[in-house]
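1. Starting from these lines, generate the structure:
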Amino acid sequence: MITGSSCCWPHERPDLNTYFKTDIGLSDDQIQAIRSGKAVAKKLPSRVPDEIFVFGAVYINATPDAYVEYSTDFTRLREQPGNLAIASFSSRPQIADLEGFAFEKEDIKSIKDCRPRDCDVQMPESSMEKIRQSID
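-> You can find the predicted model right below:
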């Protein structure tokens, strides 16, 4: 809803505000940032160091149907700056779905240098040594 010159959510949606505060643990400033159109991300606790959970939210001024239509228009999305590649997996994923996917040299070096608790790529500690040895 737009009231005067400030944007705000309708007061009849306290469940969303409660979810942000109670379940996710966002501060009032973070909730206000979302309301004003800024993206907010917060790392959430995980059970083990090998897992990472990130919550993210941004207010999108569109109907759900319009957003879904836009977000599934891969032709338009490929033309947007910042999108390196966009594709979808088959209903039963296949190796062919990854055709054209490649790592850049810096990415491969980063994976080769991964050590537990010191890695730019999220992967299980138990896989790091095997992956490092398999990279040529």
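2. Please export the C-alpha coordinates of stretch 89-97 as CSV.
-> Written as CSV, here are the backbone C-alpha positions of stretch 89-97 (Å, rounded to 0.1, in the frame of the first residue of the first chain):
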residue,chain,number,x,y,z
PHE,A,89,16.6,-28.9,-15.5
SER,A,90,14.4,-31.5,-17.1
SER,A,91,11.6,-32.9,-15.1
ARG,A,92,14.0,-35.8,-14.5
PRO,A,93,17.4,-34.1,-14.4
GLN,A,94,20.0,-35.4,-16.8
ILE,A,95,23.7,-34.8,-17.4
ALA,A,96,22.7,-33.2,-20.7
ASP,A,97,21.0,-30.4,-18.7
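3. Report the buried residues of that stretch.
-> Within stretch 89-97, no residue is scored as buried using 16 or more other Cβ atoms under 10 Å. The C-beta positions use only the backbone N, C-alpha and C, and glycine is treated the same way.
4. And the contacts of it?
-> Contacts to stretch 89-97, defined as Cβ atoms under 8 Å, 6 or more residues apart in numbering, come from residues 87-88.
5. cool, stretch 61-81 as well?
-> Contacts of stretch 61-81 (Cβ under 8 Å, 6+ apart): 37, 60, 83, 86-88.
6. Helix or strand with the lowest mean pLDDT in the chain?
-> When the helices and strands of the chain are scored by mean pLDDT, DSSP states H and E, strand 2-3 comes last with a mean of 34.
7. Bridged to the residue minimising distance to the centre of the chain, which residues?
-> The structure's the chain has its C-alpha centroid closest to residue 56; by Cα atoms, centre = their mean the separation is 6.7 Å. Beta bridges link residue 56 to residue 41, judged by DSSP bridges.
8. by contact count, what packs against whichever strand or helix holds residue 129?
-> Here residue 129, judged by DSSP states H and E, is contained in helix 125-134. Packed against helix 125-134 by the contact rule (3 or more Cβ pairs under 8 Å, 6 or more residues apart in numbering; DSSP states H and E) you find helix 105-112.
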